[in-house]
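Visitor: pasting the sequence and the predicted coordinates here, then a few questions.
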Amino acid sequence: MDLFNAHINKNILPYDGEVNYYGTIMSIKKAQEFYNLLLENIKWQNDKAIIYGKTITTKRKVAWYGDKPFEYTYSKTTKLALSWTKELLELKKMVEQKTGETFNSCLLNLYHNGEEGMAWHSDGEKALKENGAIGSLSFGAERKFSFKHKESKYKVDIVLEKGSLLVMKGTTQTNWLHRLPPTKKVKIPRINLTFRTIKL
């Protein structure tokens, strides 16, 4: 199922989860300003993952920020949260006001071009609030984002616009996988912010 023109703020999943797409929540000019600030001010690092016992360094870069120096472990690597920047706090407030949710941390991803993506996965780490919302903001390149039901294999695709907000919540992580498929068509970077809630 393709949802390139999704109904704004409607659940784009047919069952077993809730994903709301709000579309763009700021002007193109504002989205570009945030993109430039994030590119310059965030302490980006290459991500590391342990796969079959080997440490792999990914091309994409990541950063982890939060209310406290939270530990966050995924792909068998642990990160320690940095203190919020001014821009991240502004964006967090914007997302919280739009969604009615609250977040205490943010995992950021920097994809340099379309050939960098993310394989099928679900965000089910033990540190995360169970069935908690994850607010995803996109800047830079517009990219396709995909969901696949774990049992039925039913798929939903959506194109995430620059300055857009997508929120995953409820049983989405339990029942669905998601990914950012690679593409050779996109030549510019994409920055993705995923606001999360770490259990205290």
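Guide: Structure received.

Visitor: where does pLDDT dip in the chain?
Guide: 1-8, 75 (pLDDT under 70).

Visitor: now do the strands in it.
Guide: 18-24, 45-51, 54-66, 71-74, 77-80, 82-83, 105-111, 118-121, 134-140, 143-149, 155-160, 164-169, 176-180, 190-196 (DSSP state E).

Visitor: okay, those strands in TSV with distance to L89 and mean neighbour count next?
Guide: (Each C-beta comes from the backbone N, C-alpha and C, glycine too.) Converted to TSV, the strands of the chain look like this (distance: least, Cβ to Cβ, whole Å; neighbours: other Cβ atoms under 10 Å):
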stretch	distance to L89	mean neighbour count
strand 18-24	20	19
strand 45-51	21	13
strand 54-66	9	16
strand 71-74	19	15
strand 77-80	19	14
strand 82-83	10	13
strand 105-111	10	22
strand 118-121	26	13
strand 134-140	13	24
strand 143-149	25	20
strand 155-160	22	18
strand 164-169	16	22
strand 176-180	25	19
strand 190-196	11	23
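
Visitor: let's have the ones you listed in a markdown table, adding distance to L38.
Guide: Listed next are those as a markdown table, based on distance: least, Cβ to Cβ, whole Å:
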| stretch | distance to L38 |
| --- | --- |
| strand 18-24 | 16 |
| strand 45-51 | 14 |
| strand 54-66 | 9 |
| strand 71-74 | 19 |
| strand 77-80 | 17 |
| strand 82-83 | 13 |
| strand 105-111 | 7 |
| strand 118-121 | 18 |
| strand 134-140 | 7 |
| strand 143-149 | 16 |
| strand 155-160 | 16 |
| strand 164-169 | 15 |
| strand 176-180 | 17 |
| strand 190-196 | 5 |
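
Visitor: in this structure, what residue sits furthest out from the centroid?
Guide: G53 (26.1 Å; Cα atoms, centre = their mean).

Visitor: thinking again about what came up before, which stretch among the strands of the chain approaches Y35 most closely?
Guide: strand 134-140 (4.1 Å; Cβ to Cβ).

Visitor: just checking: what are the partner strands of the closest one?
Guide: Paired with strand 134-140 in the same sheet, following DSSP bridges, are strand 164-169 (antiparallel), strand 190-196 (antiparallel).

Visitor: right, I'll leave it there.
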